[in-house]
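S.K.: what follows is a predicted structure for the sequence shown.
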Amino acid sequence: MPENQLISKLDRCVTKCIMEYALIGNGDSVLIGVSGGKDSLALAELLARRSRIFVPKFKITALHVEMEGIGYNSDTEYLKDFCNGLGIDFYARSCSIDFSKDKRKSPCFLCSWYRRKTLFDFARECGCNKIALGHHRDDIIATLLMNMTFQGSFSTMPPLLKMNRFDMCIIRPLALIDESDLNALAEYRGYRIQEKR
């Protein structure tokens, strides 16, 4: 599919998701979790494009959370330049986990939990009322199948999750997009993906 047709398709999917699930309203302040992977870079680009349309009017901020002791090289300068080029203010925070002191959960769960906690703390600090994550349709289907197989529950990640305890919403504007289309966008755009050590 030609690049301009792909962008139009992705724009339509994001707009449909925002409208169908009431993900973003006028005056919202949205924090994007930018990991540096193709999904979060695409999310930043597509939401930046959407924010320039008159309705709804919303503000975007991006945060990259770097986990100390985890085997990834974070090129925060690239991520900052990428986001700033889209008109998005970019911030970076680091946090660490002592896996030897918390044996209750797997290292993957703990890493994800601490990243999420850092996102929530920063969102409150900068006045954001929504956190946007880059989960796409394939992620949502995979989570459904894993929950059915390993937990016996028919559940997955919703496009809109209201966190009443924290007065915050998690939104997934890429929920209607196939991963193959994000792969194609990443190739067209030449996204520089963070490297695993």
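M.R.: Sure, I can see it.
S.K.: alpha carbons only for contacts and neighbour counts from here, please
M.R.: Will do.
S.K.: for this protein, what spans make up the helices?
M.R.: For the chain, applying DSSP state H gives helices covering 3-20, 38-51, 76-85, 107-125, 137-146, 179-189.
S.K.: in a markdown table: the ones you listed, plus mean neighbour count.
M.R.: As requested, the helices of the chain are arranged in a markdown table below (neighbours: other C-alpha atoms under 10 Å):
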| stretch | mean neighbour count |
| --- | --- |
| helix 3-20 | 16 |
| helix 38-51 | 21 |
| helix 76-85 | 17 |
| helix 107-125 | 15 |
| helix 137-146 | 16 |
| helix 179-189 | 15 |
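S.K.: OK, contacts around Y78?
M.R.: The neighbourhood of Y78, defined by C-alpha atoms under 8 Å, 6 or more residues apart in numbering, consists of R192.
S.K.: my bad, should have said T61
M.R.: T61 sits next to 29-32, 88-91 when contact means C-alpha under 8 Å, 6+ apart.
S.K.: of the residues you listed, closest to R192?
M.R.: Comparing those against R192 with C-alpha to C-alpha places F90 closest, at 16.5 Å.
S.K.: with adjacent residues omitted, what lies nearest to that closest one?
M.R.: Taking C-alpha to C-alpha, 6 or more residues apart in numbering, and ignoring the residues beside it in sequence, F90 has A62 as its nearest neighbour in space, at 4.8 Å.
S.K.: wait, doesn't that neighbour sit right on I88?
M.R.: Yes: at 6.6 Å, A62 counts as touching I88 under the criterion of C-alpha atoms under 8 Å.
S.K.: so for the two, which residue has more residues nearby?
M.R.: Taking other C-alpha atoms under 10 Å, A62 and I88 do not tie; A62 has more neighbours (25 against 21).
S.K.: give the contact list for the most centrally placed residue in the chain.
M.R.: Central residue check for the chain by C-alpha atoms, centre = their mean: the C-alpha nearest the mean position is that of L133, 2.2 Å away. Contact partners of L133, counting by C-alpha under 8 Å, 6+ apart, are 32-33, 40, 43, 170-173.
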